[in-house]
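Enquirer: Just the structure for this:
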Amino acid sequence: MTVIEVSGMTRRYGSGKTAYDAVRNLDLDIAEGELFGLLGTNGAGKTSTLEVIQGLSRPSEGTVRILGLDPVADRRKVRPALGIMLQKGGLPQDLTAAESLRMWAGTCSDPLPVDDVLERVDLGARADTRVKFLSGGEQRRLDLACAIISRPRVLFLDEPTTGLDPESRRNTWQLIQELKNSGVTIMLTTHYLDEAESLCDRLAIMHRGSVVRSGTVDDVVAGHPARIELKDPRTALPQLPGADVDRKGDTVSITTNSVQETLTELLVWARDSGVTLHGLDARAASLETVFLSIADTFDDPEVITA
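Expert: Sure thing, here's the model as predicted:
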């Protein structure tokens, strides 16, 4: 069952000559129980995309459906099924964590017990602490508690682990995985690429308002070249079939789709030639290398105007 369906969605700001498309002709579909990651460079259009999908603003063009309903026109029906964790929370600073969550629970038709939810986000011992005295990471965990207390069928998490220490981050990952395993459909944005690799069933990478890569992590990484770097040995390198060699300053960068074969050729040549390879670093393609490549490629004026 498709829970979130976005077709040809554009989000435009302004009008006439000053009009600006933050999102252009976006297509997405997210299945029930799927954890979908939305990644992108700063200003890529992620927040505008989430606002439209959540029903906080209307699309300028195209359609959005959640559970088969229009999130704006059918808001009364859609809103009870949603849990939303915004990038920044806005809870009253003088209420305690427990008071804040009870206040939020009062807006839900069938909330989970407040004490249970505080324990799930590791705030049980901080229940009587005022929000203003919670650390930044603790406030993020309280935001997460507000998002899940309503027993949502669809959960939006916007940078959920920003400011969390490693243990809290690991525990949050575990909670998110538990929610997914229970059948909750989750849409996640994050700047932590290891988080996306660990949690997401599928993901899309946005840049300048458009999706430029999508699929599973393996799909996104497939076909992307590996990289080998070393200090320039100041001598001619051997022929490396299928590889591209680029010298910049004192560094040699080699990109290849066959890292094992290329690295073997390089090491055998160095051994036979008596050359020491300083600063040698070989890395297979990863979500990080794909992400950085997208940022570099699409910011190249020659590529953009081609």
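Enquirer: Sketch out the low-pLDDT regions of this structure for me.
Expert: 297-306 (pLDDT under 70).
Enquirer: what ranges do the strands span in the protein?
Expert: Along the chain, counting by DSSP state E, strands occupy 2-13, 20-31, 35-40, 61-66, 82-85, 154-158, 185-189, 202-207, 210-215, 226-231, 243-248, 251-256, 281-283.
Enquirer: Could you name the helices and strands sitting against the fifth one?
Expert: Of the remaining helices and strands, those touching strand 82-85 by 3 or more CB pairs under 8 Å, 6 or more residues apart in numbering; DSSP states H and E are helix 136-148, strand 154-158. Using the backbone N, CA and C atoms, a C-beta is placed for each residue, glycine as well.
Enquirer: Now the first one: buried residues?
Expert: Judged by neighbour count (16 or more other CB atoms under 10 Å), helix 136-148 contains these buried residues: 137-148.
Enquirer: Next: stretch 33-49.
Expert: Of the residues in stretch 33-49, 33-41, 44-49 count as buried by neighbour count, 16+ other CB under 10 Å.
Enquirer: and that stretch, C-alpha only, in PDB?
Expert: Written as PDB, here are the backbone C-alpha positions of stretch 33-49 (Å, rounded to 0.1, in the frame of the first residue of the first chain):
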ATOM      1  CA  GLY A  33       6.000   0.500   6.900                       C
ATOM      2  CA  GLU A  34       8.800   2.000   4.900                       C
ATOM      3  CA  LEU A  35      11.500   4.300   6.200                       C
ATOM      4  CA  PHE A  36      12.300   6.800   3.500                       C
ATOM      5  CA  GLY A  37      15.200   9.200   3.800                       C
ATOM      6  CA  LEU A  38      15.200  12.700   2.200                       C
ATOM      7  CA  LEU A  39      18.700  14.000   1.900                       C
ATOM      8  CA  GLY A  40      20.200  17.100   0.300                       C
ATOM      9  CA  THR A  41      22.600  19.900   0.400                       C
ATOM     10  CA  ASN A  42      21.600  23.100   2.300                       C
ATOM     11  CA  GLY A  43      18.900  24.900   0.300                       C
ATOM     12  CA  ALA A  44      18.100  21.800  -1.700                       C
ATOM     13  CA  GLY A  45      14.300  22.000  -1.000                       C
ATOM     14  CA  LYS A  46      13.900  19.400   1.800                       C
ATOM     15  CA  THR A  47      12.100  21.600   4.200                       C
ATOM     16  CA  SER A  48       9.700  23.000   1.500                       C
ATOM     17  CA  THR A  49       9.000  19.400   0.400                       C
END
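Enquirer: For the remainder of this discussion, apply numbering that starts at 686.
Expert: In the new count, where the first residue is 686, that last one comes out as stretch 718-734.
Enquirer: just to revisit the earlier point, the buried residues of stretch 718-734: which two are farthest apart?
Expert: Within the buried residues of stretch 718-734, Gly718 and Thr726 form the most distant pair, 28.8 Å apart (CB to CB).
Enquirer: can I get the buried residues of helix 821-833 in TSV with distance to Gly809?
Expert: TSV is the format used below for these (distance: CB to CB, whole Å):
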residue	distance to Gly809
Gly822	15
Glu823	12
Gln824	16
Arg825	16
Arg826	11
Leu827	12
Asp828	16
Leu829	14
Ala830	11
Cys831	16
Ala832	18
Ile833	15
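Enquirer: so which of those comes closest to Ala955?
Expert: For the buried residues of helix 821-833, the nearest to Ala955 is Gly822 (46.8 Å; CB to CB).
Enquirer: What residues does that closest one make contact with?
Expert: 848-850, 853 (CB atoms under 8 Å, 6 or more residues apart in numbering).
Enquirer: Show me which of the residues you listed are buried.
Expert: Buried among the contacts of Gly822 by 16+ other CB under 10 Å: 849, 853.
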